[in-house]
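> Have a look at this prediction, sequence included:
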Amino acid sequence: MIRLILLFIVLFASVWLGIQLSHDPGYLLVTINHWSLETTFWVAGFALLLLFVLFHYLLLLIAKVGRSPSTLRKWKAKRRVLKAQAKTRQGLIEFSEGHWSQAKNHLIKALPDTDSPLLNYLTAARAAQEMGDNQLRDNYLREAQQSMPEAKIAVELTQAQLQLANQQWEQALATLRHLQDLAPRHPYVLKLLMRLYKEVKDWPQLIALLPELKKNHVVTGQAFQRLEQQTYLQAITDLAKHSHPEALAKMIKNLPKHLAYEPELLAEYSRFLLSQNNQELAESVLYHCLRKHYDERLIALYGQVKAGEKQLIFAESLLKKQDHSAELYLCLGRLSISNNLWGKAKSYFEKSISLSPSPEAYNELGKLLERLSDHAGACTAYRKGLAQALKQAS
């Protein structure tokens, strides 16, 4: 409404001014020395307006020309940035295609004008490692850290990855230990540490790391259970291989509660005890574990214990729930021989063979028949055992 009123006033003023000028266009005389200019007021007004417009555009032109060096600089800077972006893209493409040298060159050339120097340096470091130039790789990593100090963890993680890939175990360990000081709960740092300890077979350190892996959800669920069990198994196997009975006993004693009767772990420990002829401790370990969990590996080892009558009685008690176990009958046969019960041993071996023929059962039966002077039966047992072994091997 207000705009309409204003428009009406302007139109009215224009019509009024036009009528006035038609009656009396006015007169304007300008004299300067010997020069004079004579015109109507209407023409003079129009000329002044035109001069004002021309003067305005002239000032704009002068201002634009005055700003041209700054504008040129900005244009050149923008052009350099665009070129740097193009070189970075080209370098990343070449890196993905495996052209390490070209990728490194393009990424480094783009550095003065790129807005992401960290990415360029880290990718160039990876390319340098692929080229086999570890010194150049480390130089680029240092430059990356200096270009963006707040990205220290990202740079050192990349460094640790590259050192691990290059099997530089000591350097990788130093880098990861430093990262662990900077970020104790960082999941990827813990994951790389886990990988390193596996690679160098440092099982005690991996065991010490297990609680942190679980707490920070680096490995969870069944994957963690497998990792934990395999780590302890490898540690026990290593100690057994290098004959460290005291360290082994300490490790078994300090097993987590849920692994205290783990058959695979105690089977490995029992094999070591039997190899050391520590019959009494081996029997005790196997006895307590078999009371908790029946396991074929454990019962096979239990049959190798130089047993007394009480071991045989315990093993026979397992028949109540495991009367279809060929391995248990084989164990009973061996324990019966230890107790000089030849007839019972023979029946147990034959029962084991009837349930599941095995070279071990045939061999034990053959040795027993030889002792009983049944040479023909022994030869038959040995022959069948050999045939069974060949069948299993094929």
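Okay, I see it.
> going forward, measure contacts and count neighbours with C-alpha atoms only.
Will do.
> residue ranges with poor pLDDT in the chain?
For the chain, residues meeting the criterion pLDDT under 70 lie at 10-30, 33, 36-49, 63-73, 75, 77.
> show me where the protein has strands.
Taking DSSP state E to define them, one finds strands in the chain at 28-32, 35-39.
> count of residues packed around the residue lying closest to residue 312 once chain neighbours are set aside?
Leaving aside its chain neighbours, residue 312 sits nearest to residue 335 (5.8 Å; criterion: Cα to Cα, 6 or more residues apart in numbering). When counting by other Cα atoms under 10 Å, one arrives at 27 neighbours for residue 335.
> For residue 269, see how far away residue 335 is.
Using Cα to Cα, to the nearest Å, one obtains 20 Å as the distance from residue 335 to residue 269.
> Repeat that for residue 147.
Distance of residue 147 to residue 269, computed by Cα to Cα: 54 Å.
> ok, the two, which is more surrounded?
Set side by side, residue 147 and residue 269 give different neighbour counts by other Cα under 10 Å, the larger being at residue 269 (24 against 14).
> which residue packs closest to the more buried one, ignoring adjacent ones?
For residue 269, the nearest residue in space outside its immediate sequence neighbours is residue 236; the separation is 6.9 Å by Cα to Cα, 6+ apart.
> Touching, that neighbour and residue 271? I think so.
No: the pair formed by residue 236 and residue 271 falls short of the contact definition of Cα atoms under 8 Å, at 10.9 Å.
> the more surrounded of the two?
Here residue 236 and residue 271 are compared on neighbour count by other Cα under 10 Å; more neighbours surround residue 236, at 23 against 18.
> The more buried one: what's it in contact with?
Applying Cα atoms under 8 Å, 6 or more residues apart in numbering, one finds that residue 236 lies in contact with 248, 251, 265, 268-269.
> List the ones among the residues you listed that fall in helices.
The members of these that map onto helices under DSSP state H are 248, 251, 265, 268-269.
> Quick check: of the residues you listed, which lies closest to residue 163?
When these are ranked by distance to residue 163 (Cα to Cα), residue 251 comes first, at 31.6 Å.
> List the residues that contact that closest one.
residue 236.
> closest to residue 219 among the contacts of residue 236?
Of all the contacts of residue 236, the one with the least separation from residue 219 (Cα to Cα) is residue 265, at 21.0 Å.
> Near the closest residue to the closest one other than its chain neighbours, how many other residues are there?
Of all residues not flanking residue 265 in the chain, residue 233 sits nearest, at 5.6 Å (Cα to Cα, 6+ apart). Counted with other Cα under 10 Å, the neighbours of residue 233 add up to 20.
> doesn't residue 267 make contact with residue 233?
No: the pair residue 233 / residue 267 is not scored as a contact, 9.9 Å apart, by Cα under 8 Å.
> thinking again about what came up before, can you give me the distance of the residue nearest to residue 312 to residue 222?
The gap separating residue 335 from residue 222 is 37 Å, by Cα to Cα.
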